[in-house]
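Novice: Structure of the sequence below:
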Amino acid sequence: MTIRGYFHSGSALVATMLATTSAHAQVERVADYGDAATRIIQTALTDSNAWHRLAYMTDTFGPRLSGSDNLERAITWMLSVMEDDGLVNVRGEPTMVPHWVRGRESVDLILPRETPLAMLGLGGSVGTPPEGITAEVLVVSSFQELTERAAEARGKIVLFDVPFTNYGATVRYRGNGAVAAARVGAVAALIRSVTPVSLNSPHTGAMNYDSTTTRIPAAALSVEGAAMLHRMQDRGQRVVLRLRMEARALPDAPSRNVVAELQGREHPEEVVVLGGHIDSWDVGQGAMDDGGGVVVSWEALRVLKGLGLQPRRTIRVVGWTNEENGLRGGNAYRDRHVTELDNHILAIESDGGVFAPRGFGFTGPDAARAIITAIGQLLQPLGAERVFAGGGGADIGPIMREGVPGAGHQVDGTKYFWYHHSHADTMDKLDPREMAMNVAAMAILAYVVADLPERLPRK
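Specialist: Numbers count the residues shown, from 1 in each chain. Coordinates of the predicted model:
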């Protein structure tokens, strides 16, 4: 090793030791925020403002698919009320978003009997001809089975009847089913809805095409409908469906990320960002996914401001647009703020529902994790003290890939996929007190990180 190398290594070691010592001091300082955490919890739990704000938004504007008037009206309303709350730097940061329109759609069983089936077209799908597509059905249980039965698929509607195991494993059929079916000559693709529980309720979501295959229409059937067709095939009956879809893609449309701040008193240029996505699918109300995530983040700032808790650093709430079918909002935020990301201390995303809080997932260095874990202890009265390995979210993913530490809001997700992307994502599924608990959890994490004397470590 050269002398220069020796001193370089020594300097790196010293820097690491100093960072570790600093982080340890930060951990000890977290206990000083006990009184502030108690005040935040008590204040957040005294009313149901978060639930009522979300109810107003979802009842008044409804589902908020990218490109829709519903979404833009909801954004305009939110910006106005944020200003009324006294938040600063309230603005809509523009970006263009995809504009997919569902239109009228239906699936009818023709043989062995005639009856309509519950369905939802998948987001981004092409439509059928005006007369629809009438064809025999081939039901398979996996991509592997489709490969094995490829000779039977040509000219048919392929149905992937794949029971829910977990979201990551099962959603592959929604995302890639149309491409796999087209490769073997199918004329349309259907999937069993990605959900563990169904009351004849289909679930939509984004799907993909590629440049090597024909774009064929794709839709989701209810669990019950898919299982029935599978039983019919297993007993040797001929199954014929007629699929009609008016789905189409229009030119990209203008939209906005919603942004507002509680400005820092000492280092306003340093930012803790938190939020969720303001858009939703075009079914239900987008209450749980993800109006609730946006509103609890917004309410966290309102509670802090009401208590006069102005942190050293700025806390910025963002309602990202177009998470569901394009991620344009998350990418536009990164691009607009790319020169400021060294001063983004932590990004927090809520996009898993606003049921009873459990804690936060965290992605970042060990020294930072130790501080987040200590802050978690302040959340014990909420049952939200756990810090899970790995955290983030789709909208903060672009800035996390630039080095910003990320935290993902974790809740009791037992029923999340019961309602996800369906007509059942409505306000009655949410509890006012649980929403208030999430407000408190988001507020405490954001406030303590923003107010500690030293920045959250990056290394």
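Novice: where along the stretch 51-200 of the chain do the helices fall?
Specialist: Applying DSSP state H, counting those that start in this stretch to the stretch 51-200 of the chain gives helices spanning 69-84, 143-148, 150-153, 167-183.
Novice: Which of those has the highest mean neighbour count?
Specialist: Neighbour counts (mean count of other C-beta atoms under 10 Å) averaged over each of the helices of the stretch 51-200 of the chain peak at helix 167-183, with a mean of 20. All C-beta spots, glycine's among them, are computed from the backbone N, C-alpha and C.
Novice: Send over that helix as PDB, restricted to the C-alpha atoms.
Specialist: Presented in PDB, the C-alpha positions along helix 167-183 are these (Å, rounded to 0.1, in the frame of the first residue of the first chain):
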ATOM      1  CA  TYR A 167     -49.200  -9.800  -4.800                       C
ATOM      2  CA  GLY A 168     -45.800 -10.100  -6.300                       C
ATOM      3  CA  ALA A 169     -46.200 -13.600  -7.500                       C
ATOM      4  CA  THR A 170     -49.800 -13.300  -8.700                       C
ATOM      5  CA  VAL A 171     -49.700  -9.900 -10.300                       C
ATOM      6  CA  ARG A 172     -47.300 -11.200 -13.000                       C
ATOM      7  CA  TYR A 173     -50.300 -12.600 -14.800                       C
ATOM      8  CA  ARG A 174     -52.000  -9.300 -14.900                       C
ATOM      9  CA  GLY A 175     -48.900  -7.500 -16.200                       C
ATOM     10  CA  ASN A 176     -47.700 -10.100 -18.700                       C
ATOM     11  CA  GLY A 177     -50.700 -12.300 -19.500                       C
ATOM     12  CA  ALA A 178     -51.600 -10.500 -22.700                       C
ATOM     13  CA  VAL A 179     -48.100 -10.800 -24.100                       C
ATOM     14  CA  ALA A 180     -47.900 -14.500 -23.200                       C
ATOM     15  CA  ALA A 181     -51.300 -15.300 -24.700                       C
ATOM     16  CA  ALA A 182     -50.500 -13.300 -27.900                       C
ATOM     17  CA  ARG A 183     -47.300 -15.300 -28.500                       C
END
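Novice: pLDDT on that helix, on average?
Specialist: Computed over helix 167-183, the mean pLDDT rounds to 98.
Novice: helices or strands next to that helix in the packing?
Specialist: Packing partners of helix 167-183 (3 or more C-beta pairs under 8 Å, 6 or more residues apart in numbering; DSSP states H and E): helix 143-148, strand 157-160, strand 188-192, strand 218-221.
Novice: residues in contact with the longest one?
Specialist: Applying C-beta atoms under 8 Å, 6 or more residues apart in numbering, the external contacts of helix 143-148 come out as V140, A153, V158, F160, R172, Y173, N176, A180, A181, V184.
Novice: Just checking the distance from it to the centre of its chain.
Specialist: Distance of helix 143-148 from its chain centroid, counting by C-alpha atoms, centre = their mean, to the nearest Å, is 31 Å.
Novice: What of stretch 147-162?
Specialist: Offset of stretch 147-162 from its chain centre (C-alpha atoms, centre = their mean): 31 Å.
Novice: so how far is the first residue of that stretch from its last?
Specialist: From its first residue to its last, stretch 147-162 covers 15 Å (C-alpha to C-alpha, to the nearest Å).
Novice: Repeat that for stretch 140-158.
Specialist: 7 Å.
Novice: How about stretch 418-437?
Specialist: One end of stretch 418-437 sits 22 Å from the other (C-alpha to C-alpha).
Novice: got the buried residues for it?
Specialist: By neighbour count on 16 or more other C-beta atoms under 10 Å, the buried set for stretch 418-437 is 418-427, 429-430, 432, 434-437.
Novice: what about it, average pLDDT?
Specialist: 98.
Novice: can you check stretch 192-201 too?
Specialist: Averaging pLDDT along stretch 192-201 gives 98.
Novice: Only the buried residues of that stretch, if you could.
Specialist: Going by neighbour count (16+ other C-beta under 10 Å), the buried part of stretch 192-201 is R192, S193, V194, T195, P196, S198, S201.
Novice: So the fourth one sits against K415, correct?
Specialist: No. In terms of C-beta atoms under 8 Å, T195 does not count as a neighbour of K415; the distance is 10.4 Å.
Novice: and which of the contacts of helix 143-148 is nearest A394?
Specialist: Nearest to A394 among these: R172, at 16.6 Å, using C-beta to C-beta.
Novice: Report the contact partners of that closest one.
Specialist: If you count contacts by C-beta under 8 Å, 6+ apart, R172 has them with F143.
Novice: So it versus G393, what's the distance?
Specialist: As judged by C-beta to C-beta, to the nearest Å, R172 and G393 stand 20 Å apart.
Novice: cool, and G236?
Specialist: G236 is 47 Å from G393, by C-beta to C-beta.
Novice: more crowded one of those two?
Specialist: Between G236 and G393, counting by other C-beta atoms under 10 Å, G393 is the more crowded of the two (26 against 6).
Novice: Could you pull up phi and psi at that one?
Specialist: Dihedral pair for G393: phi 170, psi 170, per degrees, to the nearest 10.
Novice: Mind listing the residues bridging to the nearest residue to it once chain neighbours are set aside?
Specialist: Using C-beta to C-beta, 6 or more residues apart in numbering and skipping residues adjacent in sequence, the residue nearest G393 is E349, 3.1 Å away. In this structure, E349 bridges to G275, G408 when assessed by DSSP bridges.
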